[in-house]
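Asks: Coordinates for the following, if possible.
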Amino acid sequence: MDSVLSPLDVVKRGAPEGPVAIARPHRVAAAAGWFQANFPGDIFYAVKANPSPWVLDALWAAGVRAFDVASENEVALVADRFPDAKLAFMHPVKSRRAIARAYHDYGVRAFALDCEAELDKILAETGAARDLTLMVRLAVSNDGASLPLANKFGASSLEAPELLRRARAATEEEMGISFHVGSQCMRPLAYRAAMMDANRAIVKAGIVADIVNVGGGFPAIYPGMQPPEMSAYVHEIKTAFEEMFVTENARLWAEPGRALVAEAGSILTRVELRKGDALYLNDGAYGNLFDAAHVKWPFPVKLMRASRAKAAPFRFYGPTCDSIDAAQGPFMLPADIAEGDHIEIGMLGAYGVAMGTRFNGFGETELVVSKDAPFPSMFEERPESKESAAEQANVVDLSKRQRRPRRTK
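Replies: Purely as a prediction, here's the structure:
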């Protein structure tokens, strides 16, 4: 990692041939601090969002000790770096080797599943271990998400009761229920709705749960996407948790990924050619701009030089020879932008460098650290959406919960 530089410093010093990733560890720390101060449960960082060493180190330094891992390689990455970390293998479908290595070699005890076949695999590869934390993932509505994730995983409302009963009976430790409301969730009430779905499944199964894992989906601010304040999401989760049929000392988990790191990274890219409203860049869909190209998400952009020209809409093309290496935008930049100019593309701390490939011989990305301010933040007060004192007073104090007694195993 290079010395501390601003994006403008990089340009002035002579940017390298390829794109430059701008890392802001202080923004990871700010987001982690907010979640630890405000979320009434355990925070498991979703490593898939950005597995860069500087991100993991910033989270660890900020006090995050639990990680949501989704592959054998992610298990090894975190466990080797932080031997005392708590790992939860939350991918609902895992290879037998990955299960066995996670359990026997790395001490992982928490595993997600969404069907009986996966439960059978977990039990077989752990030797029918009784010290497992089994997390049953449910299929829930993703209506409030900008990027729905409901089609691939999750037990249906018909399948869930029997699966919950089997998971409850299979362990002498904890059994939990999890879900994912979809990426970039724009409706705090989506968490309440999912938690009520989970509660109905628990009641129908005739069991109680030790853990409610609300998953990820916590949003960041992108152009045209102005989510409610993060405190609104926590409020809905707190109040819904109070109504659930869970053990007296049940715990909440969350798996934020995007929300912890989106603000902490950006990409500095160079214009190699301009054709009308098309800008050909040294980074693209096979590099750090997968979401801009394929999910068609807007990202904030900034020209790295002074200009008095009016803003105009532009399209981006990446450096590869593949015609789908394109992001339609529109990205608003000064109309006089030209070859050799540099553009900072913001809010790429999540699913930017993590999605890069080496297709066509491109993909090398240099890294520098910056202490400058990010693009708009979810973790700084936004005057237009301050919570009233009355709203603050409505937040449930979980220390005063009245729960049903713990189930005897």
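Asks: What are the boundaries of the helices in the chain?
Replies: For the chain, the helices defined by DSSP state H occupy 7-13, 25-38, 53-61, 72-81, 96-104, 116-125, 160-170, 189-205, 230-242, 258-261, 290, 389-393.
Asks: want to throw the ones you listed into CSV with mean pLDDT and distance to Arg305?
Replies: All C-beta atoms are positioned from the backbone trio N, CA, C, and that covers glycine. Formatted as CSV, the helices of the chain follow (pLDDT from 0 to 100; distance: least, C-beta to C-beta, whole Å):
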stretch, mean pLDDT, distance to Arg305
helix 7-13, 89, 8
helix 25-38, 97, 24
helix 53-61, 98, 27
helix 72-81, 98, 38
helix 96-104, 98, 48
helix 116-125, 98, 53
helix 160-170, 97, 56
helix 189-205, 96, 42
helix 230-242, 97, 34
helix 258-261, 97, 28
helix 290, 93, 27
helix 389-393, 38, 44
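Asks: deepest of these, which one?
Replies: helix 258-261 (a mean of 29; mean count of other C-beta atoms under 10 Å).
Asks: can you give me how far it is from the chain middle?
Replies: 6 Å (C-alpha atoms, centre = their mean, to the nearest Å).
Asks: can you tell me which of the helices of the chain comes nearest to Asn142?
Replies: Within the helices of the chain, the stretch nearest Asn142 is helix 189-205; the backing value is 7.9 Å (C-beta to C-beta).
Asks: Arg200 and Phe245, how far apart?
Replies: From Arg200 across to Phe245, the span is 9 Å (C-beta to C-beta, to the nearest Å).
Asks: where does this protein have its least confident helix or strand?
Replies: Using mean pLDDT, DSSP states H and E, helix 389-393 stands out as the lowest-scoring helix or strand of the chain, at a mean of 38.
Asks: ok so, going back, got any residues that touch both of Arg200 and Phe245?
Replies: Contact with both Arg200 and Phe245 is made by no residue, according to C-beta atoms under 8 Å, 6 or more residues apart in numbering.
Asks: Contact partners for Phe179?
Replies: Contacts for Phe179 (C-beta under 8 Å, 6+ apart) come out as Arg137, Leu138, Ala139, Val140, Gly154, Ala194, Asp197, Ala198, Asn213, Val214, Gly215.
Asks: which of those residues lies closest to Val47?
Replies: Closest to Val47, out of all of the contacts of Phe179 and judged by C-beta to C-beta, is Gly215, at 14.2 Å.
Asks: Could you tell me the model confidence score at that closest one?
Replies: Gly215 is assigned a pLDDT of 97 by the prediction.
Asks: Would you check that it makes contact with Gly182?
Replies: No - if you go by C-beta atoms under 8 Å, Gly215 and Gly182 don't touch, sitting 9.2 Å apart.
Asks: These two: which is more packed in?
Replies: Gly215 (27 against 24; other C-beta atoms under 10 Å).
Asks: With Arg187 as the reference, measure out to that one.
Replies: Gly215 is 14 Å from Arg187, by C-beta to C-beta.
Asks: Can you give me the buried ones in stretch 210-227?
Replies: 210-223, 227 (16 or more other C-beta atoms under 10 Å).
Asks: and which of those residues is nearest to Phe44?
Replies: Relative to Phe44, the closest of those is Asn213; by C-beta to C-beta it sits at 8.1 Å.
Asks: can you count the residues close to Arg109?
Replies: Quick note: Arg109 (other C-beta under 10 Å) scores 20 neighbours.
Asks: Got phi/psi on it?
Replies: Main-chain dihedrals, Arg109, degrees, to the nearest 10: phi -120, psi -20.
Asks: Surely it is in contact with Glu174?
Replies: No - in this structure, Arg109 is not within contact of Glu174 by C-beta under 8 Å, at 9.1 Å.
Asks: returning to that earlier point: pull the most distant pair out of the buried residues of stretch 210-227.
Replies: Asp210 and Pro223 (41.1 Å).
Asks: before we move on, the earlier item: closest one of the buried residues of stretch 210-227 to Ser370?
Replies: Ala220 (17.7 Å).
Asks: Excluding chain neighbours, what is closest to that closest one?
Replies: Ala262 (3.7 Å; C-beta to C-beta, 6 or more residues apart in numbering).
Asks: who's in contact with that neighbour?
Replies: Shown in contact with Ala262 (C-beta under 8 Å, 6+ apart): Ala49, Ala220, Met347, Leu348, Gly349, Ala350.
Asks: my read: the first one touches Ala354, true?
Replies: I take that to be Ala49. Yes - counting by C-beta under 8 Å, Ala354 is a contact partner of Ala49 at 6.5 Å.
Asks: Which residue of these two possesses the greater neighbour count?
Replies: Ala49 (24 against 20).
Asks: ok, now which ones touch that one?
Replies: Going by C-beta under 8 Å, 6+ apart, the list of residues near Ala49 reads Gly257, Arg258, Leu260, Val261, Ala262, Ala350, Tyr351, Ala354.
Asks: check contacts around the last one.
Replies: Contacts of Ala354 were listed using C-beta under 8 Å, 6+ apart, and they are Lys48, Ala49, Asn50, Pro51, Ser52.
Asks: ok, now with 6 Å
Replies: Asn50 (C-beta atoms under 6 Å, 6 or more residues apart in numbering).
Asks: before we move on, back to that, any idea which of the buried residues of stretch 210-227 is closest to Thr133?
Replies: Ile211 (7.1 Å).
Asks: Mind listing the residues bridging to the closest one?
Replies: Ile211 forms beta bridges with Gly176, Arg251, as assigned by DSSP bridges.
Asks: where do the contact lists of Arg109 and Glu174 overlap?
Replies: Joint contacts of Arg109 and Glu174 (C-beta under 6 Å, 6+ apart) are Thr133.
Asks: returning to that earlier point: redo the contacts of Ala49 as a markdown table? Include distance to Val75.
Replies: A markdown table is the format used below for the contacts of Ala49 (distance: C-beta to C-beta, whole Å):
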| residue | distance to Val75 |
| --- | --- |
| Gly257 | 16 |
| Arg258 | 21 |
| Leu260 | 19 |
| Val261 | 19 |
| Ala262 | 24 |
| Ala350 | 20 |
| Tyr351 | 20 |
| Ala354 | 16 |
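Asks: and which of those is nearest Arg97?
Replies: For the contacts of Ala49, the nearest to Arg97 is Ala354 (23.1 Å; C-beta to C-beta).
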